[in-house]
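Enquirer: Quick check, what structure comes out for this input:
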Amino acid sequence: MTPSAPNALPVVDLVLHNGRISTFADPSQGPDEVEAIALAGGRVVAIGGDADIEPYRALAARVVDLGGRRAIPGLNDSHIHAVRAGVSWTRTMHWEDVRSLGEALERTRADAAARGPGEWVSVIGGWHSTQFAERRGPTREELDAVAPDNPVYVQELYDHGVLNSAGLRACGFSEESADPPRGTLVRDEHGRLTGEVRGVGAFAVPTALALRVAREDAEAGVRAMNAEFARHGLTGVVDGGGLLVTPRDYDALYTVWREGSLDVRTRLFLSAWTRGGEVDDFRALTELVQPGSGDDMLRIAGAGEIAHLGCHDLEGLDPFELRDDAYRELVEIVRVCVERGWRMIVHAVLDHSLTRVLDAWEEVDRETGGITGAGFAIVHADEASQSNLERIARLGAGVLVQNRMVLKGGDYVDAWGVEATENAPPIGAMRELGIVIGGGTDATRANWFSPWASIWWLVTGATLDGRGRRLARHRLSRFDALAAYTRDAAWFTGEHGHRGRLLPGFDADVCVPTADPLTCSDDELRDIMSDLTIMGGRVTHDAGVLAWTGGGAS
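Expert: Numbering: from 1, shown residues only. Predicted structure coming up:
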């Protein structure tokens, strides 16, 4: 792209040159790969060959020599539970990168020593025993050995948790305890508690105790989480609300935003929080808040993923049926959102629950015409049938896809069978119908938060245990997988006109990955990090391996 006349050039903040920069442009918009890019005022101001951008280099505050490296738009996780994770980020361990039980126990020992006797030590989701060489998690006795003076709680995704002896006492669990509602205290053949707990009712007690945080610790957690996300190349996340998330849980995020220290663009879908009062929740919410409220850093994107707690087909609730009363209330919630201009995303894993959600959408669309083309989306759609995908396509809706199967391939095979798992989710059928797909993780409890593991799964269909590999038809090319995390992810928040591409006028969000994701090996793809992350023209992560001139990296 030829720049403007030299006397019209702006003073730019940053120029990246001598690289291979993927713009993700449509053919009519410009080249899909350029050598250099100029950033100013938080936006891309010019792209082109090194010679084209040379006039901007003389005016740039800082210049980065990419040395032939690949650069891409900053990654945007289109479905994650970052709000819930951020407030407790510094209170918990993160085992995403742990590959053995021994290492996990050593981290537990070190965390207990750092926190001191009596303090809770926990890791709540975000890992699975298939990632360990031993293919199992820790026992009560092993946790007692490494942290005898601390209550410890280790939860494997949403499958089960393990407490050590001090943790059982802190929760008030003993051999005489009855199982909590919607939960189980696992016992051995002698009736002794093994330390294992199952079910959301049992998880709630240790989670509430372990994640008690002071306000300043919650704010520090948001900052620490964003720094880790930037280290992986993320410049944006779309939070899906979720179970037990209340309006007060956003306080720390908003404080960090107000003080100007939010380093990852955050978009919020707000869920119902009152069981039995979901309609009133959304009536109050949509009366008080205008759709799209916020700014380029923090903005309310819409309603969901939990529109109604009675239509949330949680894994493990089998059989699941959406009751007629819950369906009627869902229709009213959809109607309220359409009347007040809110876009909506709704969780649906199972095809029969997806059917009911689409029934509600179509009922309201027949009344108002307000859903078709309004950017509504289904979250997961793992079991979606061809007929329901066709309904999604007719509504102009999208699908948010996550890589939870990376950790649970064998579990899906055992529950659904080989054939169903190989076709889950049916990405190939979605693409044939022109449905927009957003890439995400559903982290931090249900999955790893690494965007690159998700991209690897979109490309390879592989799982950690080798079971349930997705058929080739339902895999994406590397370019399309990256697009699901950049260009297409922006569609779900209505920002595809200025985010997710490296074109003049678009947001200056850039990632320089540690390996070229378009050409590296599959193993390298899964383990990529970011050497340089730029959000809005501002450096949010710098590994120190690229050459800077001018003002230097900040």
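
Enquirer: Let me see the confidence value for the residue nearest the centre of the chain.
Expert: Centroid-nearest residue in the chain: residue 80, 2.5 Å away (criterion: CA atoms, centre = their mean). Residue 80 carries a pLDDT score of 98 in this model.

Enquirer: how about it, phi and psi?
Expert: The phi and psi values for residue 80, taken as degrees, to the nearest 10, are phi -150, psi 160.

Enquirer: and stretch 271-286, how far apart are its ends?
Expert: When the termini of stretch 271-286 are compared using CA to CA, to the nearest Å, they are 12 Å apart.

Enquirer: what stretches of this protein score poorly on pLDDT?
Expert: By pLDDT under 70, the weakly predicted segments of the chain are 1-8, 314-319, 551-554.

Enquirer: Of all the residues in stretch 293-307, which ones are buried?
Expert: By 16 or more other CB atoms under 10 Å, the buried positions in stretch 293-307 come out as 294, 297, 298, 299, 300, 301, 302, 303, 304, 305, 306, 307. (Glycine included, C-beta is placed from N, CA and C.)

Enquirer: Tell me if residue 162 really is in a helix.
Expert: No: assessed with DSSP: H, G, I helix; E, B strand; the rest coil, residue 162 is strand; it does not lie in a helix.

Enquirer: 201 is where my numbering starts, stick with that
Expert: Okay, using 201 as the starting number, the last item reads as residue 362.

Enquirer: How many neighbouring residues does it have?
Expert: By other CB atoms under 10 Å, 22 other residues sit near residue 362.

Enquirer: so it sits right up against residue 396, yeah?
Expert: Yes: using CB atoms under 8 Å, residue 362 is in contact with residue 396, at 5.4 Å.

Enquirer: any common contacting residues for these two?
Expert: Counting by CB atoms under 8 Å, 6 or more residues apart in numbering, the residues touching both residue 362 and residue 396 are residue 340.

Enquirer: so what's residue 494 up against?
Expert: 468, 500.

Enquirer: one more time with 7 Å
Expert: residue 500 (CB atoms under 7 Å, 6 or more residues apart in numbering).

Enquirer: For it, give me phi and psi.
Expert: phi 130, psi -160.

Enquirer: who does it bridge with?
Expert: Taking DSSP bridges as the rule, residue 494 bridges to residue 499.

Enquirer: and it, how far is that from residue 468?
Expert: 8 Å (CB to CB, to the nearest Å).

Enquirer: which neighbours do the two share?
Expert: residue 500.

Enquirer: Do a quick rundown of the helices in the stretch 251-400 of the chain.
Expert: 282-287, 301-315, 340-346, 365-371, 400-410 (DSSP state H, counting those that start in this stretch).

Enquirer: Which one of those lies nearest to residue 535?
Expert: Closest of the helices of the stretch 251-400 of the chain to residue 535 is helix 282-287, at 26.5 Å (criterion: CB to CB).

Enquirer: gap between that closest one and the chain center?
Expert: Between the centre of helix 282-287 and the centre of its chain there are 11 Å (CA atoms, centre = their mean, to the nearest Å).
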